[in-house]
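> 3D, please:
(4 chains)
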Number of protein chains: 2
Amino acid sequence: MGISKIDKMHSLSKNQQIIFDLIDKSSEPLKAYTILFNVQKKGIKAPLQVYRALDKLVEIGKIHKIESRNAFIACHNSSCQVAKATAFSICEICEKVTEISSAGLSKYLANFKDKDGMKYSKYNLEFFGLCKKCR
Amino acid sequence: MGISKIDKMHSLSKNQQIIFDLIDKSSEPLKAYTILFNVQKKGIKAPLQVYRALDKLVEIGKIHKIESRNAFIACHNSSCQVAKATAFSICEICEKVTEISSAGLSKYLANFKDKDGMKYSKYNLEFFGLCKKCR
DNA sequence: CTTATAAATGTTATATTATTACATAGTGTT
DNA sequence: AACACTATGTAATAATATAACATTTATAAG
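The predicted structure is shown next:
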């Protein structure tokens, strides 16, 4: 059988895998230097090693950056493997972040045209409010 | 006559006014330290003075932060005086940023409910693509 | 298999963005 | 005047991110 092309494209290097695993098993968004602390025992010693892996993981859609928090979460939405259409809800008290997957929302935004009739290739949407627990 | 309550609420202090004026007359989003350089001749010497003014200006909706760029632009949308519903288009080549004011979009997002039926009090949306000139 | 190329890594230094802590001054209200 | 609130000034430092350069590993083509 072997590795199909599509799997290969998304196969991760050593550092990428270490950092992805950490983010993926985290219940909250992780910041770059938090990640750095947690992977130092695995031999990743410098910020740049972390940022490079993060950049790549974002590029291939395995993780997303929460821009308002400078933090990263794993993608849990099979439809955004290419990081070009992202939406999140953020609790302003406990800082819980959830990726929103709404077919209606993504369709609406992907097709949105501005006044000049211009469409966009990418978007990021962050909603803020209070999560269930904090209400 | 005098100053009405609503005007007063939005009246700016000295530093806030200096910094708002700079951002307002800029054709592009300004970063905090760019602002700092440009207001040093007016006596604002420290980063914190800039950040405090920026915080306040964002809070009262006179400016918005472009989260993906860590930069600030003046609000040109009379409907978002309280910074709680913002949408921008960002050119990935020339970095031109435009505030989007679309009644349809803001209505859609303000009324958006997630899977749990939860509504949000605030959102920020950033679209990416190529502007007219760069296409 | 070897050569060429691209992708990833390692390392040091530094740039950029933002906040903490503490002291002082102004503004509006009662 | 006394009070509360907002804004300012200043120094130090924390947190986030990139530049520059050397080396190694993976991939694909000949």
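
> I'd say A:R52 and A:N15 touch.
Yes - with contacts defined as C-beta atoms under 8 Å, A:R52 counts as touching A:N15 at a distance of 7.4 Å. Where C-beta positions appear, they are placed from N, C-alpha and C, glycine not excepted.

> please identify which of the two sits among more neighbours.
Applying other C-beta atoms under 10 Å in any protein chain shown to A:R52 and A:N15 shows that A:N15 carries more neighbours, namely 19 against 15.

> which helix or strand contains the closest residue to A:N111 other than its chain neighbours?
Distance criterion C-beta to C-beta, 6 or more residues apart in numbering or on different chains; nearest residue to A:N111, sequence neighbours excluded, is A:K119 at 7.3 Å. Using DSSP states H and E, no element contains A:K119; it sits outside every helix and strand.

> before we move on, what about A:N124?
A:N124 is located in strand A:122-129, with elements delineated by DSSP H and E.

> does that strand come close to chain B?
Yes - on the criterion C-beta under 8 Å from any C-beta of the partner chain, strand A:122-129 is in touch with chain B at A:122-129.

> neighbouring strands for that strand, and are they parallel or not?
For strand A:122-129, the pairing partners within the sheet under DSSP bridges are strand A:85-91 (parallel), strand B:122-129 (antiparallel).

> what's it in contact with?
Defining contact as C-beta atoms under 8 Å, 6 or more residues apart in numbering or on different chains, one finds that strand A:122-129 is touched by A:66-68, A:84-92, A:100, A:105, A:109-110, A:112, B:67-68, B:109, B:112, B:114, B:118-129.

> let's have the residues of strand A:122-129 next to chain B in a markdown table, adding distance to A:L30, pLDDT and neighbour count.
A markdown table is the format used below for these (distance: C-beta to C-beta, whole Å; pLDDT from 0 to 100; neighbours: other C-beta atoms under 10 Å in any protein chain shown):
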| residue | distance to A:L30 | pLDDT | neighbour count |
| --- | --- | --- | --- |
| A:K122 | 23 | 95 | 16 |
| A:Y123 | 23 | 97 | 22 |
| A:N124 | 18 | 98 | 24 |
| A:L125 | 21 | 98 | 21 |
| A:E126 | 17 | 98 | 22 |
| A:F127 | 20 | 98 | 23 |
| A:F128 | 20 | 97 | 16 |
| A:G129 | 22 | 96 | 18 |
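
> which of those sits closest to DNA strand D?
DNA strand D has its nearest neighbour among the residues of strand A:122-129 next to chain B in A:N124, at 13.6 Å by C-beta to the nearest atom of the strand.

> A:K25: which of the strands paired with strand A:122-129 is closest?
Distances from A:K25 to each of the strands paired with strand A:122-129 were compared by C-beta to C-beta, and the smallest falls on strand A:85-91, at 18.8 Å.

> which one of the strands paired with strand A:122-129 lies closest to DNA strand C?
Taking C-beta to the nearest atom of the strand, strand B:122-129 is the member of those nearest to DNA strand C, at 13.6 Å.

> list the buried residues for stretch A:87-95?
Of the residues in stretch A:87-95, those scored as buried under the neighbour-count criterion (16 or more other C-beta atoms under 10 Å in any protein chain shown) are A:87-91.

> what's the farthest-apart pair in those residues?
Greatest spacing in the buried residues of stretch A:87-95, by C-beta to C-beta: A:A87 and A:C91 (14.9 Å).

> number of nearby residues for A:I60?
By the criterion of other C-beta under 10 Å, A:I60 has 18 neighbours.

> so where's chain A shaky on pLDDT?
Of all residues in chain A, those with pLDDT under 70 make up the ranges A:1-10, A:78-82.

> what parts of it come near DNA strand D?
Applying the criterion C-beta under 7 Å from any atom of the strand, the portion of chain A that neighbours DNA strand D consists of A:8, A:11, A:13, A:31-34, A:46-48, A:51, A:55, A:70.

> just the buried ones among these, please.
Among those, those classed as buried by neighbour count (16+ other C-beta under 10 Å) are A:32, A:34.

> would CSV of the residues of chain A next to DNA strand D with secondary structure and distance to chain B be doable?
As requested, the residues of chain A next to DNA strand D are arranged in CSV below (DSSP: H, G, I helix; E, B strand; the rest coil; distance: C-beta to the nearest C-beta, whole Å):
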residue, secondary structure, distance to chain B
A:K8, helix, 27
A:S11, coil, 27
A:S13, coil, 26
A:K31, coil, 15
A:A32, helix, 15
A:Y33, helix, 17
A:T34, helix, 19
A:A46, coil, 23
A:P47, helix, 17
A:L48, helix, 19
A:Y51, helix, 15
A:D55, helix, 14
A:N70, coil, 9
